[in-house]
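Peer 1: structure for the following, please:
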Amino acid sequence: MKYIVNEHLEFKGNNLEKGTIVHTEGNNIRLLYKQKLYDVKVLSMNEEEKTCIMKVNGYRRKVRRSEKIDDLIARLGFNVPPKHELKEVLAPMPGLVKEVYVKAGDTVTTGDNLFVLEAMKMENIIKAAGDGVVSAVLVKKGDKVEKSGRLAKL
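Peer 2: Purely as a prediction, here's the structure:
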């Protein structure tokens with residue numbers, strides 16, 4: 001595992017784990033790392049993107065956690081959705097609609113979250129593969145869908 005700070009400074013997981021937490025209070029942490037004290041305040045976390053915004057000794061930092069699988073996905077290009085004009089959104093597998101993030105009239109762009117589909121006890125985020133305007137949402141939370149079932153029209 002590695003941590004990327006502000007998209008340019010990289011730490012291997014083992015290096016950061018050698019730090020010692022001296023004190024915690026809410027989102028405030030005092031950390032001893034390489035014989036130096038750091039005051040860290042966690043401002044926000046995004047588990048989906050594996051990012052955290054924090055202030056370290058008064059300086060704002062964005063930290064992104066990257067695991068081996070993330071590097072492999074990036075190298076293979078799977079993290080960049082293909083860009084094309086959407087006409088409809090189809091379910092990639094059979095499952096249960098857990099969340100609906102769009103409604104008729106919404107403008108979507110490539111990569112926007114549209115739906116959460118639960119399949120085989122895993123939640124899968126269905127993202128927009130292109131740009132468009134939602135003309136109709138064809139499912140609601142709790143609906144079951146088949147593979148290639150229509151979720152929305154654009």
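
Peer 1: so residue 69, which of the three states?
Peer 2: helix (DSSP: H, G, I helix; E, B strand; the rest coil).

Peer 1: run the chain-centre distance for the helix or strand hosting residue 73.
Peer 2: Taking DSSP states H and E as the definition, residue 73 sits inside helix 68-76. Here helix 68-76 shows a centroid-to-chain-centroid distance of 15 Å under the convention CA atoms, centre = their mean, to the nearest Å.

Peer 1: and if you look at stretch 121-141?
Peer 2: Using CA atoms, centre = their mean, the offset of stretch 121-141 from its chain centre is 16 Å.

Peer 1: show me what the helix holding residue 73 is in contact with.
Peer 2: Helix 68-76 is contacted from outside by 1, 50, 79, using CB atoms under 8 Å, 6 or more residues apart in numbering. Any C-beta I mention is one placed from the backbone N, CA and C, and that applies to glycine too.

Peer 1: go again using 6 Å as the cut-off
Peer 2: For helix 68-76, the surrounding residues in contact (CB atoms under 6 Å, 6 or more residues apart in numbering) are residue 79.

Peer 1: got it, and stretch 50-65?
Peer 2: For stretch 50-65, using CB under 6 Å, 6+ apart, the contacting residues are 3-6, 38-45.
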